[in-house]
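**Q** Fold the following.
(one chain, ligands or ions: 1)
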Amino acid sequence: MVIAIDGPAGTGKSTIAMMLAEKLQGKDNKPFTYINSGNLYRAITLGCLRMGIDCSDHEKVLEYARSALLEYREGSLHLGEEMIEDLLHSDEIDRYVSPVSAVVPVRHVVNDLVRKIAAGLNAVVEGRDMTTVVFPNAEYRFYLDASIKERAKRRHTQGVSRLSLEETEKAIEERDSIDRNKPEGSLYIGEDVIYMDTSGLTLNQVYATLLERIQL
Ligand code: DC
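**A** This next block holds a predicted model:
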């Protein structure tokens, strides 16, 4: 079974998806695996930056994406032998990941990888096009939203960025614009996807609402 969650940055998607994956157990008694597709784009961006690849050079970025050894081991994303999850949320990666994820053939590499990882598993997958492109037939599809001010505030209080609140808001706005205008895999609310505005709600309230909707 696949539970797919999309939405812009700062809506609490990752935390909620992780909480659901931890809590749920499939009809087959198997646990759920949490897959964060944004982290795959971030990992490719990290690799490109480390290799000195210019992120606007689509050919080189694609070549790198095709060769990158990305896999989940014991629930954590690895690049080759290295566990890289803690390295994926720097300001530098935040800056380059949107253009990298806008490269259409790079999206196909990531989409194939996500489908391969989820194959045969119960999975909670999250990103921007999980409900529309990658798993349009998922058993459950959700879109989490929140106002830009609220999202900037949430990101800012996470304390992982050196940017001011105003700069964070501007950076999110820029990423939203790229994400919503991608030639493929753009962020939008798909047909029949359950929409939820999380502004003013706590993570636990959002989690409880989603949990109520899911009948296993
Ligand atoms: O969810 P996130 O902020 O970690 O995502 C990082 C970037 O990757 C963001 O710019 C959106 C993009 N992304 C995407 O285009 N498609 C996805 N399925 C997931 C993320």
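**Q** Helix, strand or coil: sort out R141 for me.
**A** In three-state terms, and counting by DSSP: H, G, I helix; E, B strand; the rest coil, R141 is strand.
**Q** count of residues packed around A68?
**A** Neighbour count of A68, defined by other CB atoms under 10 Å: 19. The way it works is simple: take the backbone N, C-alpha and C, and place the C-beta from them, glycine included.
**Q** Which parts of the protein are strands?
**A** 2-6, 32-36, 70-73, 76-79, 82-83, 122-127, 140-145, 194-197 (DSSP state E).
**Q** Identify the residues contacting the first one?
**A** Just to be clear, that refers to strand 2-6. By CB atoms under 8 Å, 6 or more residues apart in numbering, the residues outside strand 2-6 that reach it are 13, 16-17, 20, 24, 32, 118, 122-132, 134-135, 138-144, 187, 190, 193, 214.
**Q** next one: the shortest one
**A** For strand 82-83, the external contacting residues (CB under 8 Å, 6+ apart) are 73, 76-77.
**Q** Now do that strand: distance to the chain's middle.
**A** Distance, stretch centre to chain centre, for strand 82-83: 19 Å (CA atoms, centre = their mean, to the nearest Å).
**Q** swap in the third one?
**A** Distance, stretch centre to chain centre, for strand 70-73: 15 Å (CA atoms, centre = their mean).
**Q** partners of it in the sheet?
**A** The pairing partners recorded for strand 70-73 under DSSP bridges are strand 76-79 (antiparallel).
**Q** near the ligand, anything from the partner strand?
**A** No. Judged by CB under 6 Å from any ligand atom, strand 76-79 and the ligand are separated, with a smallest distance of 11.5 Å.
**Q** got the contact list for that strand?
**A** With contacts defined as CB under 8 Å, 6+ apart, strand 76-79 is touched by 36, 39-40, 43, 46-47, 68-72, 83-85, 88.
**Q** Pull out the buried residues from it.
**A** Judged by neighbour count using 16 or more other CB atoms under 10 Å, the buried positions of strand 76-79 are 77-79.
**Q** and what of stretch 42-62?
**A** Residues of stretch 42-62 classed as buried: 42-49, 53, 55, 58, 61-62 (neighbour count, 16+ other CB under 10 Å).
**Q** out of those, who's near the ligand?
**A** Within the buried residues of stretch 42-62, those near the ligand by CB under 6 Å from any ligand atom are R42.
**Q** ok, the buried residues of stretch 42-62 vs R154, which is closest?
**A** Proximity of the buried residues of stretch 42-62 to R154 (CB to CB) peaks at R42, which lies at 18.2 Å.
**Q** List the residues that contact R66.
**A** Shown in contact with R66 (CB under 8 Å, 6+ apart): V109.
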